[in-house]
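Peer 1: have a look; sequence and predicted model below, questions after that.
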Amino acid sequence: MSFLFCIAFGFHYLCQYNCHHQMEGFSYQQLWQQLVPLYEAGEARALIRMLMETRFGISMSDLLCYGTSQLDEEQQERLDKMISRLQASEPIQYVLGEAQFYGRTFHVSPGVLIPRPETEVLCRWIVESTAPASTPLPPKEESGKAPRILDIGCGSGCIAVTLALEIEGAQVTAWDISPKALEVTRRNADSLGAHIITEQCNILSASGKLAALPGNSGLSGNSGTPPYDIIVSNPPYICRHEAVDMHPNVLRHEPHEALFVPDTDPLCFYDAIAHYAATHLSPDGLLFFECNAAYTEDVARLLTEGGYRDVATHDDDFGKTRFVRAHNPPKIKGPSDLSDLSDSSDLSDLSDLSD
């Protein structure tokens, strides 16, 4: 016992000695204190630990003992630039170039929304809904085909890639208005071994119907294309007035077009997607949404009034009701039969979203 105590005491003394007698570089304390008061001390320490381990392979024990004295000149310059980005309130995920989601590492970069932990709950709900024991969908062996899935507003591809890897045989298509997002989605699909079709599309137009961007050869779901078994979307849902309560690192660095909707029409994306899904889901198809917790019940009501069946809500891990699932409505004959869905066709405020 005394031998182990001596080893522990000696290690502690060595760490303390090195922290105060480094020939060059910074100590762990000097590093995290550079991020205060922008971040609280606990968060600043966690950011530095993550940065040093992920980008430089330096463990916590080595960081305590040697600080940055192990880094060469080029690495020290890289570290200085990364800390400067953190001091400018840039999210750590952009600084590292990666984010964790559903047990996998996804590439992220400025211009693409960072995956959120709560969206993992949405993915789990979708995966569980396709499991043979409890699925609202016909099991694969009964339907005779793999499920066709559409992710509208794919961002980094975290939902599309996760579903492609977690649901056996899934045929996944990912849409986004942003070429940058589609590029990142393809990169993540390639690196994680998922097969995904990506298409540049805008779910909104002046009439609330689907519109193709210039350069598109066509849209999935058009005549001759089989319907989807699942349509999922985590669309923009934060109202402009809510920005005052948001962290600066989100407001200054994450893409506003992926975050905000007009205060006057917070459900514009849900309405447009519901219109599209009404005619592009299979007879037993499911529609899934992630929502602003303040509007989840409104989204559920919109779907119910629009004829969708078995509308259900689901909480995130923090107890907030954030997700909606619905069966597609009965088959309709034409656009006139969509009149029960809300007619939020005035989307002129969306022009401000890229400011």
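Peer 2: Now that the structure is in, tell me what you want to look at. Residues are numbered from 1 along each chain as shown.

Peer 1: residues near the residue nearest to Cys239 when sequence neighbours are not counted, how many?
Peer 2: Once flanking residues are discounted, Cys239 sits nearest to Asp263: 4.8 Å by C-beta to C-beta, 6 or more residues apart in numbering. In short, each C-beta sits where N, CA and C put it, glycine included. Neighbourhood size, Asp263 [other C-beta atoms under 10 Å]: 11.

Peer 1: same question for Pro248.
Peer 2: Neighbours around Pro248, by other C-beta under 10 Å: 11.

Peer 1: for Ser69, which non-adjacent residue is spatially closest?
Peer 2: Leaving aside its sequence neighbours, Ser69 sits nearest to Gly25 (C-beta to C-beta, 6+ apart; 4.1 Å).

Peer 1: got it, and Thr54?
Peer 2: Counting by C-beta to C-beta, 6+ apart, the residue nearest Thr54 is Leu96, at 5.4 Å.

Peer 1: all helices for the stretch 151-300 of the chain, in order.
Peer 2: With helices called from DSSP state H, counting those that start in this stretch, the stretch 151-300 of the chain shows them at 158-166, 179-192, 248-253, 268-280, 296-305.

Peer 1: Pro179 versus the residue nearest to Thr54, what's the distance?
Peer 2: From Leu96 over to Pro179 the distance is 23 Å, taken as C-beta to C-beta, to the nearest Å.

Peer 1: which one's more surrounded, these two?
Peer 2: Comparing Leu96 with Pro179 by other C-beta under 10 Å, the one with more neighbours is Leu96, at 17 against 13.

Peer 1: show me the contacts for that one.
Peer 2: Going by C-beta atoms under 8 Å, 6 or more residues apart in numbering, Leu96 touches 50-51, 54-55.

Peer 1: repeat that with 10 Å
Peer 2: 47, 50-51, 54-55, 82, 105, 107-108 (C-beta atoms under 10 Å, 6 or more residues apart in numbering).

Peer 1: now, of the residues you listed, which are buried?
Peer 2: 47, 51, 55, 82, 107-108 (16 or more other C-beta atoms under 10 Å).

Peer 1: let's verify the residue nearest to Ser69: helix, strand, or coil?
Peer 2: What DSSP: H, G, I helix; E, B strand; the rest coil gives for Gly25 is coil.

Peer 1: direction included, what does the helix or strand harbouring Arg325 pair against?
Peer 2: Under the criterion of DSSP states H and E, Arg325 resides in strand 321-327. Using DSSP bridges, strand 321-327 pairs in its sheet with strand 281-290 (antiparallel), strand 309-315 (antiparallel).

Peer 1: need the winner for burial among those strands.
Peer 2: Compared across the strands paired with strand 321-327, strand 281-290 shows the largest average neighbour count, a mean of 22 (mean count of other C-beta atoms under 10 Å).

Peer 1: next one: that one to chain centre, how far?
Peer 2: 20 Å (C-alpha atoms, centre = their mean, to the nearest Å).

Peer 1: contacting residues for the residue nearest to Cys239?
Peer 2: Contact analysis of Asp263 by C-beta under 10 Å, 6+ apart lists 239-242, 349.

Peer 1: cool, Leu287 as well?
Peer 2: Applying C-beta under 10 Å, 6+ apart to Leu287 gives the contacts 150, 228, 230-233, 270, 273-274, 276-278, 281, 303, 308, 311, 324-329.

Peer 1: can you do 8 Å?
Peer 2: Taking C-beta under 8 Å, 6+ apart as the test, what Leu287 contacts is 230-232, 273-274, 277, 281, 303, 308, 324-328.

Peer 1: equivalent analysis for Ile230, please.
Peer 2: Applying C-beta under 8 Å, 6+ apart, the residues near Ile230 are 126, 130, 137, 147-150, 163, 285-288.

Peer 1: of all residues in this structure, which one is nearest the centre?
Peer 2: Pro115 (2.8 Å; C-alpha atoms, centre = their mean).

Peer 1: need the three-state assignment for that one.
Peer 2: coil.

Peer 1: from here on, count from 559
Peer 2: Shifting the count to begin at 559 puts that one at Pro673.

Peer 1: from Tyr834, how far off is it?
Peer 2: 24 Å.

Peer 1: for Leu621, same thing?
Peer 2: Taken as C-beta to C-beta, the span from Leu621 to Tyr834 is 51 Å.

Peer 1: same check, this time on Tyr586
Peer 2: Where Tyr834 is concerned, Tyr586 sits at a distance of 52 Å (C-beta to C-beta).

Peer 1: what about the nearest residue to Ile616 once chain neighbours are set aside, helix or strand, and which?
Peer 2: Distances taken as C-beta to C-beta, 6+ apart put Met610 closest to Ile616, at 4.4 Å, once the chain neighbours are dropped. Assigned by DSSP H and E, Met610 belongs to helix 599-614.

Peer 1: show me what that helix is packed against.
Peer 2: helix 586-591, helix 618-624, helix 631-645, helix 650-654 (3 or more C-beta pairs under 8 Å, 6 or more residues apart in numbering; DSSP states H and E).

Peer 1: wait, Asn830 touches Cys759, no?
Peer 2: Wrong residue type there; residue 830 is Ala, not Asn. No - look at Ala830 against Cys759 with C-beta atoms under 8 Å: they stay out of range, at 11.4 Å.

Peer 1: looking at the two, which one has more neighbours?
Peer 2: Comparing Ala830 with Cys759 by other C-beta under 10 Å, the one with more neighbours is Ala830, at 26 against 23.

Peer 1: which regions of the stretch 759-908 of the chain lie under the pLDDT threshold?
Peer 2: Scanning the stretch 759-908 of the chain for pLDDT under 70 picks out the ranges 764-783, 887-908.
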